[in-house]
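[1] Quick check, what structure comes out for this input:
(2 chains, ligands or ions: 1)
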Amino acid sequence: METLVQTEVNTRQRGVLSKVYDFFSSVKLAVVVFFLLAAGSISGTLIEQGLSPQEYIANHGEKWYYWINLLSLNNVYHSWWFSVLLALLALNLAVCLSKRLPTIWKAYYVVDTDFTHNLVQNFKNNTVIQYPSGMEEARGKVVDILKGKKYKIWTENNPNDITIFAAKGRIGRLGSTIGHISIFIILIGAVLSSAIGFRGFYPFYEGESVFIPEGNFYVMVEKFWIDYYENGGVKDYFSKMSVIDNGKKVFTKTIQVNDPLQYKGVWFYQSSYGQAWDRLDKAFIRITDKKSGRVVADETLDFRKEKLIAGTDLRLNATNFLSDFAYDSESKQIYAKSGEQNNPAAELEIYEGGELIAKPWIFYNYPNMFPIEKSKYNFILSGYIAPQYSGLQIAKDPGVNLVWVGSFTLMGGLFISFFIFHRRIWIKILPSERSSLVYIGGLTNKDTIGFEKEMKSIIGSF
Amino acid sequence: MFNSFFFFDIIFWIYLAAACCYIFYMGIKKEGLGHLAFALTFIGWLLNTVVLVVRWYETGRAPYANLYETMVLLSWMIVAGYIAIELKYKKLRVLGAIIVSIAFLAIGAAAMLPYRYQAIEPLIPALQSNWLVLHVVTTFIGYAGFAIAFGLGIMYLFKERAERSGRKSFFDRFPSSEILDDMNYKFIAIGFPFVTLGIILGAIWANYAWGGYWSWDPKETWSLIVWFIYAGYFHGRLVRGWKGRKTAYFSIIGFTAVIFLYWGVSFVLPGLHAYA
Ligand code: HEM
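    Got it, this is the predicted structure:
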């Protein structure tokens, strides 16, 4: 009794399990997942990605924003459902492969020498040829022809007949498996990339050495320059970079767009350039007398270097700079709203008679907005020189190597699968009065038209 | 005077004439007309080659850097593919009626581009790379394969309807629907690996230029969408046994997505590839 119940449970369990197995190995699922991934990707190109909630509400209205937010349509490619689809694809691939591998292996290895001439006549491509001499000669002829067509041949002499099996291009059977495994490899590489890969953008200023924690060394941009076309368009830009490891300069390379530098697995890509948003080379300050309006001095300050102003008891220091000054009233912090030179402002320390009397921000676009009460002078930012930075993308990504390996084998798999066809030919030679009958039949896994041509040419060669 | 635009204008008219000859040949069945159509196509293709070479000389770089140049390249590849078909299967001459027409439409579309898209512009730094040439050439072999499959898909739909009705029709000279179906698969099987290679080369290049092999910009994303559509085609066909009309529709939908990837994304959606 007990065993009976147990068996029943087992069968039922196996029923459910095999249903789950069938579901995850089905190609129908693959086609559905392709469709959903395509549809999801389309939504990500039609709805702008990564905007702020306010922008979505302004563009689409509150009601749509509810859905956009709910379905992560503002960040499709990193949303939970897109990841689920990709994981489903990977699972589908793995289960499907494990199920089909034995069949594919069999198709690859099969050598079939056990068949009758009736079976040969069942193939779509089949003929009977009357060959005007004995069976052995007929066999020799068949083998010659098939060898000429690069077939691999197995023959068996039976008591009453001769069996020949010939095949070529059986590696074509493995192409699809190689390709599918490759996709699995690429997916693993992509997961590694996003899990442990690192990528960031940094501005480099000439002469500054910067510590790279990902590689435990320093790099420095020694020089940055731009080449122009005659029409003024930017032709290319370059950074002469050196790597400093263990206090020693180990090497120097001039990088440009499309020509990066690599050291200890960390890559440095020239990706952009621009004017600093948070520092200066020089600030030009005009000092006027409040009462008379007369210009007292036009001074050039080096960034963060105090300077005595001749003929006065003033000392000035330009301590900070922002290219696009903005103030966040909540956190009470100032910051640069953008890298553009939209609202340049410098912070000026003013010492009069040896004492710091004020530390105002002065604005290039709005001179004299906030006069300094304690001073008899006005201070105007009349100009500035901001240094140019070289924008480098820094990346360290071990996953990328797996992606390339997978890509390479994927291409191999596709070309093998699409351009090498598994063609098999079954031949039976039977005796006939003073001659022999050659039954030929063939099958191809692809390219039926090409195979028909080849069969015609084989038959024509007798 | 003998600049690339001059030869471009000539191939516009020659391809038009060739396409018309093929279409008349379908109806009139005069072999002479078929020979003429093929001769025109071949001359057009030679001059198409001249356009590319002269353009190369004029720009001093491989001429595959903007929409206009790639359209000339695409028509060159489609016609090359068609000439190969005609040399291989002499009896399938009528296929030119659709395939040469597609090449003509590609040239016509390039001709309609505003001048600023046709003009020779110096390359921006990101495009100064040998990867550009590899990436573009493989991608466009793939597109040409899909374009030809698209033409075959349309012919399949006409032919299959005519066969079902059993009456005599304009499409009698088309190859049988079975052959069209088989060739449809064959050209998608050429297009798919090349487009895959194009995507991979693009990723290698992006990684080499920017440090990231995939950034989901609209062009990349659409190439993936196209890739999924054709992957769907293969699985439907090979595993689920779809044949005939279903796969013909698939090849038409797939190529429509290619056109969007190629033109729509450049003009409708903003992104990294906005220049080409
Ligand atoms: C992104 C993912 C995939 C791609 C790009 C892909 C690509 C392909 C291609 C190009 C073929 C045609 C090969 C040929 O003509 O010989 C094919 C065949 C096939 N695929 Fe996939 N595939 C993917 C995922 C899957 C999944 C998830 C499954 C499992 C359900 C699957 C199962 C099959 C099967 C059974 C075949 C039959 C052909 C054969 O094995 O010879 N594929 N695939």
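[2] Longest helix in chain B, please.
    Longest helix of chain B, by residue count under DSSP state H: helix B:130-165.
[3] List the buried residues for it?
    Using 16 or more other C-beta atoms under 10 Å in any protein chain shown as the test for burial, helix B:130-165 gives B:131-132, B:134-160, B:162-163. Just so you know, the C-beta spots here come from the backbone N, C-alpha and C atoms, and that holds for glycine as well.
[4] which residue packs closest to the residue minimising distance to the centre of chain B, ignoring adjacent ones?
    Nearest residue to the geometric centre of chain B (C-alpha atoms, centre = their mean): B:Ala144, 3.0 Å. Once flanking residues are discounted, B:Ala144 sits nearest to B:Met77: 3.6 Å by C-beta to C-beta, 6 or more residues apart in numbering or on different chains.
[5] okay, now that neighbour: neighbour count?
    The local packing of B:Met77 (other C-beta atoms under 10 Å in any protein chain shown) involves 22 other residues.
[6] got it, and A:Tyr228?
    A:Tyr228 - counted by other C-beta under 10 Å - has 12 other residues nearby.
[7] so what's it bridging to?
    Using DSSP bridges, the bridge partners assigned to A:Tyr228 are A:Val234.
[8] what residue ranges in the chain score low on pLDDT?
    No chain specified, so I'll use chain A. The model of chain A has pLDDT under 70 over residues A:1-14.
[9] meant chain B, my bad for not saying
    Residues of chain B that meet the cut-off, pLDDT under 70, sit at B:1-2, B:269-276.
[10] 80 - rerun?
    Confidence mapping of chain B against pLDDT under 80 gives the ranges B:1-4, B:29, B:60, B:64-65, B:90-91, B:116-128, B:169-170, B:239-241, B:266-276.
[11] can you give me the helices in the chain?
    Since you didn't name a chain, this refers to chain A. All helices of chain A, identified by DSSP H, fall at A:2-25, A:27-46, A:53-60, A:62-70, A:80-109, A:117-120, A:135-148, A:172-196, A:399-419, A:448-460.
[12] try again with chain B
    Ranges of helices in chain B, per DSSP H, are B:4-28, B:31-59, B:67-88, B:96-112, B:115-118, B:130-165, B:177-210, B:218-234, B:245-259, B:265-268.
[13] Distance from the chain centre to the longest one, please.
    Averaged C-alpha coordinates place helix B:130-165 at 6 Å from its chain's average position (C-alpha atoms, centre = their mean, to the nearest Å).
[14] quick one: is it near the ligand?
    No - with C-beta under 6 Å from any ligand atom as the criterion, the ligand is not reached by helix B:130-165; the gap is at least 12.9 Å.
[15] what's the angle from that helix to helix B:177-210?
    Interaxial angle of helix B:130-165 relative to helix B:177-210 (axes from the mean of the first three to the mean of the last three C-alpha atoms, to 10 degrees): 160 degrees.
[16] Show me what helix B:130-165 is packed against.
    helix B:67-88, helix B:96-112, helix B:177-210, helix B:245-259 (3 or more C-beta pairs under 8 Å, 6 or more residues apart in numbering or on different chains; DSSP states H and E).
[17] rewinding a little: and the longest helix of chain B with helix B:67-88, angle?
    Using the same axes, to 10 degrees: helix B:130-165 against helix B:67-88 is 50 degrees.
[18] Run a quick check on A:Lys223 versus A:Glu206, I expect a contact.
    Yes - A:Lys223 lies in contact with A:Glu206 (C-beta atoms under 8 Å); the separation is 6.0 Å.
[19] Please say which of those two ends up with more neighbours.
    It is A:Glu206, of A:Lys223 and A:Glu206, that has more neighbours when counted by other C-beta under 10 Å, with 16 against 13.
[20] What separation do you get for the more buried one and chain B?
    Using C-beta to the nearest C-beta, to the nearest Å, A:Glu206 is found at 19 Å from chain B.
[21] That residue contacts A:Phe224, doesn't it?
    Yes - with contacts counted by C-beta under 8 Å, A:Glu206 reaches A:Phe224, the gap being 5.8 Å.
[22] Overlap of the contact sets of the two?
    A:Gln388, A:Ser390 (C-beta atoms under 8 Å, 6 or more residues apart in numbering or on different chains).
[23] ok, back up a step: got CSV for the helices and strands packed on helix B:130-165, with distance to B:Phe8 too?
    Formatted as CSV, the helices and strands packed on helix B:130-165 follow (distance: least, C-beta to C-beta, whole Å):
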stretch, distance to B:Phe8
helix B:67-88, 7
helix B:96-112, 7
helix B:177-210, 25
helix B:245-259, 21
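[24] Figure out which of those helices is closest to the ligand.
    Shortest distance between the ligand and the helices and strands packed on helix B:130-165, using C-beta to the nearest ligand atom, is found for helix B:177-210: 6.0 Å.
[25] Closest approach to the ligand from the stretch 101-250 of chain A, which residue is it?
    In the stretch 101-250 of chain A, the residue that lies nearest the ligand is A:Ser176 (3.7 Å; C-beta to the nearest ligand atom).
[26] for the residue nearest to the centre of chain B, what are its contacts?
    With C-beta under 8 Å, 6+ apart, B:Ala144 has these contacts: B:Leu74, B:Met77, B:Ile78, B:Ala80, B:Gly81, B:Gly191.
[27] for A:Glu299, same thing?
    A:Phe284, A:Ile285, A:Arg286, A:Ile287, A:Lys307, A:Ile309, A:Leu316.
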